[in-house]
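Visitor: Below is the structure, and that's it, no one-letter string:
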DNA sequence: CTTAATGTCTCTAGCTGCTATAGCTTCAAG
DNA sequence: CTTGAAGCTATAGCAGCTAGAGACATTAAG
């Protein structure tokens, strides 16, 4: 049985975050020691590792809640889990395309900085002039 | 002079968001009509377009506040603006590398989905098994 | 000119996903 | 047996909005 600190150390999830996950029902209410301290078993450690990993992949707590309830019912079809993952993938691809476009724009900005007075600064100018920049339309094209 | 609705329509920033920006001091307090409605001029429209664009580029409101105060003092050197943009670029590059790795992992997940019972589902399994996944170390390597 | 629809006003509360603080109790090492 | 770390609860705060209530303003149609 692990204390919350050990659980935190072995999953990389901070202590207050673990308590928060319990509070919102992502983790079950922990057993308590005689002195009222939370105690965790291997099962909860796995569950928390799952949550952490999914968070790193950008899944929302809501999506994770769904995935967990799916994995709690192993007889159901996995198509729902697959759908969640696919939706997440679409999201990630969209963010990726968007970020790539923004990176290009930022690079243009810093390259063109004259190093002189603000009034000559491309950074400020580009940010103020939307027409110089990559449009949503271009981003949409890049995605598809 | 524009009402808040027109300003919203022409910048794509929602009405409550404009009021919020005023409240936190990103926009100056607006002039008011006889009937106490906010009125905006071209200058504020430009400022709001600047803010919107910078937000799309992922700048925090704090960074935008700095950029705005720089552009309000056009005699200063633009190296500060350049530094902010460069920091933002580093951030974006890091997020980009991270997202690319996550995309690869998600693709593996959905491809391997057996379409059958949850107990056979790779989506759930991969999420639960951190050792199968791309590590922070690998992401760091990808960045540099 | 009136009426109805739409727009705007202020204020408050809520959202996600945590993080920090205060003031207390419990535990483990020396 | 003491002391310092780790735990507890409860509350409040962060970014960056968003939504709702209930009142006043403006505009367009009839």
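Guide: Arrived safely. As the structure is a prediction and not an experimental result, all values here were calculated from the model.
Visitor: for the residue nearest the centre of chain A, helix, strand, or coil?
Guide: Within chain A, one residue has its C-alpha closest to the average C-alpha position: by Cα atoms, centre = their mean, that is residue A:58, at 2.8 Å. With DSSP: H, G, I helix; E, B strand; the rest coil as the basis, the three-state label of residue A:58 is coil.
Visitor: now it: how far from residue B:90?
Guide: As judged by Cβ to Cβ, to the nearest Å, residue A:58 and residue B:90 stand 20 Å apart. The C-beta positions use only the backbone N, C-alpha and C, and glycine is treated the same way.
Visitor: before we move on, what about residue A:110?
Guide: Computed with Cβ to Cβ, the distance linking residue A:110 and residue B:90 is 10 Å.
Visitor: Please verify my assumption that residue A:5 contacts residue A:15.
Guide: Yes - shown here, residue A:5 and residue A:15 form a contact pair, counting by Cβ atoms under 8 Å, at 6.3 Å.
Visitor: okay, and the common contacts of these two?
Guide: Overlap between the contact sets of residue A:5 and residue A:15, as judged by Cβ atoms under 8 Å, 6 or more residues apart in numbering or on different chains, is nil.
Visitor: contacting residues for the residue in chain A positioned nearest to DNA strand D?
Guide: For chain A, the residue closest to DNA strand D is residue A:5, as judged by Cβ to the nearest atom of the strand, at 2.3 Å. When contacts are counted by Cβ under 8 Å, 6+ apart, residue A:5 is found next to residue A:15.
Visitor: Kindly give the local confidence score, pLDDT, for it.
Guide: In this prediction, residue A:5 carries a pLDDT score of 96.
Visitor: So it: helix, strand or coil?
Guide: Per three-state DSSP, the secondary structure class of residue A:5 is helix.
Visitor: The one 3 residues further on now?
Guide: Classification of residue A:8 by three-state DSSP places it in helix.
Visitor: do residue A:101 as well
Guide: Using three-state DSSP, the secondary structure recorded for residue A:101 is helix.
Visitor: tally of neighbours for it?
Guide: When neighbours are counted by other Cβ atoms under 10 Å in any protein chain shown, residue A:101 registers 21.
Visitor: From residue A:95, how far off is it?
Guide: Residue A:101 sits 11 Å away from residue A:95, taking Cβ to Cβ as the criterion.
Visitor: how many neighbours does whichever residue of chain A sits closest to DNA strand C have?
Guide: Across chain A, no residue is closer to DNA strand C than residue A:35, which sits at 2.2 Å (Cβ to the nearest atom of the strand). Residue A:35 is flanked by 5 other residues according to other Cβ under 10 Å.
Visitor: per the record, what domains does chain A have?
Guide: A:4-71, A:85-143 (automatic domain parsing).
Visitor: Surely residue A:39 forms part of a strand?
Guide: Yes - note on residue A:39: a strand contains this position according to three-state DSSP.
Visitor: Quick one: neighbours of it, just the number.
Guide: Using other Cβ under 10 Å, residue A:39 is surrounded by 15 other residues.
Visitor: any residue of the one helix or strand residue A:18 maps to up close to DNA strand C?
Guide: Taking DSSP states H and E as the criterion, the element that holds residue A:18 is helix A:15-23. Yes - part of helix A:15-23 sits near DNA strand C under the criterion Cβ under 7 Å from any atom of the strand, namely A:16-17, A:20.
Visitor: swap in stretch A:85-97?
Guide: No - judged by Cβ under 7 Å from any atom of the strand, stretch A:85-97 and DNA strand C are separated, with a smallest distance of 11.7 Å.
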